[in-house]
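**Student:** Sharing a sequence plus its predicted fold:
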Amino acid sequence: MTDQQRPSKLGRIVALILMGLTVFVTLMGGIGTTCVALGAENYDSMVGLVPYKPLYQALVVLSIAAGIWGIRVMIALVQGGKTAYHDALLVIVAGAVTSGIQTFVSQSVRGSSAPVNMRFAVTVFTLIVFLIFRIPSIWRRMMFDTRLKGGTGKTAGGAAFAIAGLLTLTSPLWVTQTHMEPWISGIRLPLMVVGLVLAVAGAVILATDVRASYSHPQATLVSTAGR
């Protein structure tokens, strides 16, 4: 396989990292919205959203479903496939629509939409980047139907894990102002555990990839030259 036939490493890494962030905020957003979807009437700041509970319950289901599907799509982005890009786009659009609706309703009723507005911004940014990938000159290099080989997939996966882990670890800090303390306290330990596991896993994957690159530089060059 020549250089012209190989997928763009940088492009695919960017795609995977952004997809990982989008999947993360979509899942976290869906889970976090349960406090409003199931018990808005229990909190003074959320009483105005009581008439919208059925809508929020639907958004919770759709967001969690999109996030779970997004995990499978991330794997497809590494393995390659004819529908990998198409499926990723559907997950991103689903996340943008659900977070957009929630942002609009929360801003209109409560006068505040944090932190879902951050989720909406991240998802829209990812959508814009993925649409930019469709520019012919870029699209030819992305090759989403081709499997990522060597350390590229590990680098992207490790970076995505690490970033998601750090966001999970710090999430109580940036959602406390808009979520009730009892709810935050109830999930703080699981968040810390999951965040630590993700961050450590990402660091290990990246460290292993870097170590392999320095341990076998000549083998990598020979392998590349022989293709």
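**Tutor:** Received the coordinates, thanks.
**Student:** Sketch out the low-pLDDT regions of the protein for me.
**Tutor:** For the chain, the stretches with pLDDT under 70 are 1-7, 149-154, 156-157, 171-191, 209-227.
**Student:** again, only this time at 50
**Tutor:** For the chain, residues meeting the criterion pLDDT under 50 lie at 1-3, 180, 182-183, 218-227.
**Student:** Show me how far whichever strand or helix holds residue 131 is from its chain's centre.
**Tutor:** Element membership for residue 131 (DSSP states H and E) is helix 116-132. Distance of helix 116-132 from its chain centroid, counting by Cα atoms, centre = their mean, to the nearest Å, is 10 Å.
**Student:** Go through it and flag the buried ones.
**Tutor:** By neighbour count on 16 or more other Cβ atoms under 10 Å, the buried set for helix 116-132 is 116, 117, 118, 119, 120, 122, 123, 124, 126, 127, 130. C-beta: built from backbone N, CA, C; applies to glycine.
**Student:** so what does the helix or strand that that helix is followed by touch, helix or strand wise?
**Tutor:** Scanning forward in sequence from helix 116-132 by DSSP H and E, the next helix or strand is helix 136-142. For helix 136-142, the packing partners by 3 or more Cβ pairs under 8 Å, 6 or more residues apart in numbering; DSSP states H and E come out as helix 9-32.
**Student:** helices or strands next to the helix it packs on in the packing?
**Tutor:** If contacts are counted by 3+ Cβ pairs under 8 Å, 6+ apart, helix 9-32 sits against helix 53-79, helix 84-110, helix 116-132, helix 136-142, helix 152-175.
**Student:** want to throw these into a markdown table with distance to residue 34?
**Tutor:** Listed next are the helices and strands packed on helix 9-32 as a markdown table, based on distance: least, Cβ to Cβ, whole Å:
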| stretch | distance to residue 34 |
| --- | --- |
| helix 53-79 | 6 |
| helix 84-110 | 12 |
| helix 116-132 | 13 |
| helix 136-142 | 36 |
| helix 152-175 | 13 |
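**Student:** Out of those, which gets nearest to residue 17?
**Tutor:** Counting by Cβ to Cβ, residue 17 lies closest to helix 152-175 out of these; the figure is 5.2 Å.
**Student:** ok so, going back, and the buried residues of helix 116-132 as TSV, adding distance to residue 106?
**Tutor:** What follows is the buried residues of helix 116-132, written out as TSV (distance: Cβ to Cβ, whole Å):
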residue	distance to residue 106
116	6
117	8
118	12
119	11
120	10
122	16
123	15
124	16
126	21
127	20
130	26
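**Student:** any idea which of the residues you listed is closest to residue 147?
**Tutor:** Among the buried residues of helix 116-132, residue 130 lies closest to residue 147 (Cβ to Cβ), at 19.1 Å.
**Student:** Quick check: residue 27 touching residue 64?
**Tutor:** Yes - the pair residue 27 / residue 64 is scored as a contact, 6.4 Å apart, by Cβ atoms under 8 Å.
**Student:** Need the contact partners of the helix holding residue 131.
**Tutor:** 14-15, 18-19, 21-22, 25-26, 28-29, 33, 85, 88-89, 92-93, 95-96, 99-100, 102-103, 106-107, 113, 138, 174 (Cβ atoms under 8 Å, 6 or more residues apart in numbering).
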